[in-house]
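In: structure for the following, please:
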Amino acid sequence: MIFWQLLPRLQDPGYWVPYVVLMGILLLALARNVFEARFFEFLRMAFSDKYIKVYRDPSYLLTSYSIFLFIVQLCSFSMLIMLLLDHLGITERTNLRYFIRVFVMLFSGILIKFLLDRILGVIFKFEEMIDQFNLNKLTYRSYVGMLLFPLVCALFFVDHVNNTLLYSLIIVILSINLITYLLSLRNYQNAVFGKFLYFILYLCLVEFSPYLLIYFLILKNPF
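Out: Reported below is the predicted structural model:
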């Protein structure tokens, strides 16, 4: 009589990473093929402001194209945060549970910001300006996320990420985000200075507090 012994299946803890990479590639391919003209203008955004001028209407904020690139952006920044957490010894980069937590926290923080933006825009009567401001920020950050995506995907498959490279990458991304934020502000400087006190309130409640919440939820309350 032959007895079969059932052995537990050993699964690579990073089995999910190729699926995330594939999803990002498919979303970029969809954006490129379904919105071809818009996508090529988007690629040239580092050298021309035509895209910002053409696609400045707030109605573009919730289109399929924006959603595709927004998901790629979330994947890019979530993977970068996972690399940083792995480097700091908080968790392994291949920890799927933690990746989902980071992804959800980023999405929730951005969603909370968006809802607070709309509420404050209605209260202080600058709803249209807030919508255009959000569209500009989403566009710039999606562009950074798209450029970042292949790099973080490659770093995910490297056994040891150089400290200088990782921190330099984070500093560059933070700097680019700050610059693009200031560029977005410049377009609405007259409206901002006309309601300066409201704008300070907006910065404290909407721009900074969600990121502080994400920081404490991810770093201060690990699994």
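In: all helices of this protein, in order?
Out: Using DSSP state H, the helices found in the chain span residues 17-34, 36-43, 50-54, 64-87, 96-123, 127-156, 163-186, 189-194, 196-202, 209-219.
In: got CSV for these, with mean neighbour count too?
Out: Glycine gets a C-beta too; all of them are placed from N, C-alpha and C. Conversion of the helices of the chain to CSV gives the following (neighbours: other C-beta atoms under 10 Å):
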stretch, mean neighbour count
helix 17-34, 15
helix 36-43, 14
helix 50-54, 13
helix 64-87, 20
helix 96-123, 16
helix 127-156, 19
helix 163-186, 13
helix 189-194, 11
helix 196-202, 14
helix 209-219, 14
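In: okay if I get the ones you listed as TSV plus mean pLDDT?
Out: Listed next are the helices of the chain as TSV, based on pLDDT from 0 to 100:
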stretch	mean pLDDT
helix 17-34	94
helix 36-43	91
helix 50-54	84
helix 64-87	91
helix 96-123	84
helix 127-156	85
helix 163-186	78
helix 189-194	59
helix 196-202	60
helix 209-219	62
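In: and stretch 146-153, how far from the chain's centre?
Out: The chain centre lies 12 Å from the centre of stretch 146-153; the measure is C-alpha atoms, centre = their mean, to the nearest Å.
In: neighbouring contacts of it?
Out: 21, 24, 28, 69, 72-73, 75-77, 79-80, 83, 169, 173 (C-beta atoms under 8 Å, 6 or more residues apart in numbering).
In: at 6 Å what do you get?
Out: The contact list for stretch 146-153, computed with C-beta atoms under 6 Å, 6 or more residues apart in numbering, reads Val21, Gly24, Val72, Ser76, Met79, Leu80.
In: so which of these is the closest to Val122?
Out: Using C-beta to C-beta, Val72 comes nearest to Val122 of those, at 30.2 Å.
In: so the closest one sits against Leu26, correct?
Out: No: applying C-beta atoms under 6 Å, one finds Val72 not in contact with Leu26, separated by 9.9 Å.
In: okay, and the common contacts of these two?
Out: With C-beta under 6 Å, 6+ apart, Val72 and Leu26 have no common neighbours.
In: would you mind measuring from the residue nearest to Val17 when sequence neighbours are not counted to Val21?
Out: Nearest non-adjacent residue to Val17, counting by C-beta to C-beta, 6 or more residues apart in numbering: Phe156, 5.7 Å away. As judged by C-beta to C-beta, to the nearest Å, Phe156 and Val21 stand 8 Å apart.
In: ok, Leu88 next?
Out: Look at Leu88 and Val21: by C-beta to C-beta, they are 23 Å apart.
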